[in-house]
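1. Structure, please.
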Amino acid sequence: MSANEPAELEKIYEARFRENKEYRGQIWSVLLAEFFQKFVKPSDHVLDLGCGYGEFINQVQCAKKYAMDLNHDALKYLDKSVTFLEQDCSKHWELPDNSLQVVFTSNFFEHLPDKIALGRTLDEARRCLAPGGRIIAMGPNIKYLPATYWEFWDHHLPLTENSMTEALVTRGFQSELNVAKFLPYTMVNQPRYPIFFLSLYLKLRPAWGFFGKQFLVVARKK
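-> Just a heads-up that it's a prediction; the model follows:
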């Protein structure tokens, strides 16, 4: 569920990301290879929640791929190996209980209208994850973005690494990773740095404390 209508989302994302789609794909190739792929096994069934243009789900190595988004435009960017679920994430997911090993979401929860919608979404994630399955959530951390967080029309729900973790723990997840500062805030209207800068950044953990503005939370279903 988004506080914005699907047609409005399509216009927002096309205007915001049309100039850097190829660059975003390159960024996600590095993020997967050097960080996120370690959380996903080749045999896993994975859902990308709020998939956007599919930069994560198209490139992750796994057995079965699902992508969910309210923006119909997302479908034309997804690989043929991805099953697209075009729906409100806070309503029943058309997936069986215990059928996923990983639910991944990046820069999505801040678009939900309120914590009621987020809670319902997390409940669906828990239902569909198998015991021991992981949810991996990354998003802007309001603690470090008190003003710039609100400069996007479709940002509605402020979150931190701790509020995200508490929401998961109270829904039957066990916290595995809680990082307050992971990646810089946004690629929108930013310079295109050489890709090897990202590779170097991921290896230099102290640099996260200076430049990181996004939280990263990983939790397992008990």
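2. Low-confidence bits of this structure, can you list those?
-> For the chain, the stretches with pLDDT under 70 are 1-4, 9-19, 186-190.
3. Could you pull out the strands in it for me?
-> 45-49, 64-69, 82-86, 100-106, 129-140, 173-179, 214-221 (DSSP state E).
4. So in that sheet, which strands flank the first one, and in what orientation?
-> Right, strand 45-49. Applying DSSP bridges, strand 45-49 is found paired with strand 64-69 (parallel), strand 100-106 (parallel).
5. Report the buried residues of that strand.
-> By 16 or more other CB atoms under 10 Å, the buried positions in strand 45-49 come out as 45-49. C-beta here means a position set from N, CA and C on the backbone, and glycine is covered the same way.
6. What is the neighbour count of Y193?
-> By other CB atoms under 10 Å, the residues close to Y193 number 13.
7. ok, now how distant is it from R126?
-> Going from Y193 to R126 by CB to CB, to the nearest Å gives 37 Å.
8. now do I142
-> 24 Å.
9. circling back: let's have the buried residues of strand 45-49 in a markdown table, adding distance to C89.
-> Shown next, in a markdown table, are those (distance: CB to CB, whole Å):
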| residue | distance to C89 |
| --- | --- |
| H45 | 17 |
| V46 | 15 |
| L47 | 10 |
| D48 | 11 |
| L49 | 6 |
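10. any idea which of these is closest to N162?
-> Comparing the buried residues of strand 45-49 against N162 with CB to CB places L49 closest, at 20.6 Å.
11. and the closest residue in space to that closest one that isn't next to it in sequence, how many neighbours?
-> Nearest non-adjacent residue to L49, counting by CB to CB, 6 or more residues apart in numbering: T105, 4.0 Å away. As a burial measure, T105 scores 22 neighbours (other CB under 10 Å).
12. What of the one 3 residues further on?
-> Summarising burial for F108: neighbours were counted as other CB under 10 Å, giving 22.
13. what residues are up against the closest residue in space to it that isn't next to it in sequence?
-> Leaving aside its chain neighbours, F108 sits nearest to G50 (2.9 Å; criterion: CB to CB, 6+ apart). Contact partners of G50, counting by CB atoms under 8 Å, 6 or more residues apart in numbering, are 68-69, 89, 105-109, 111.
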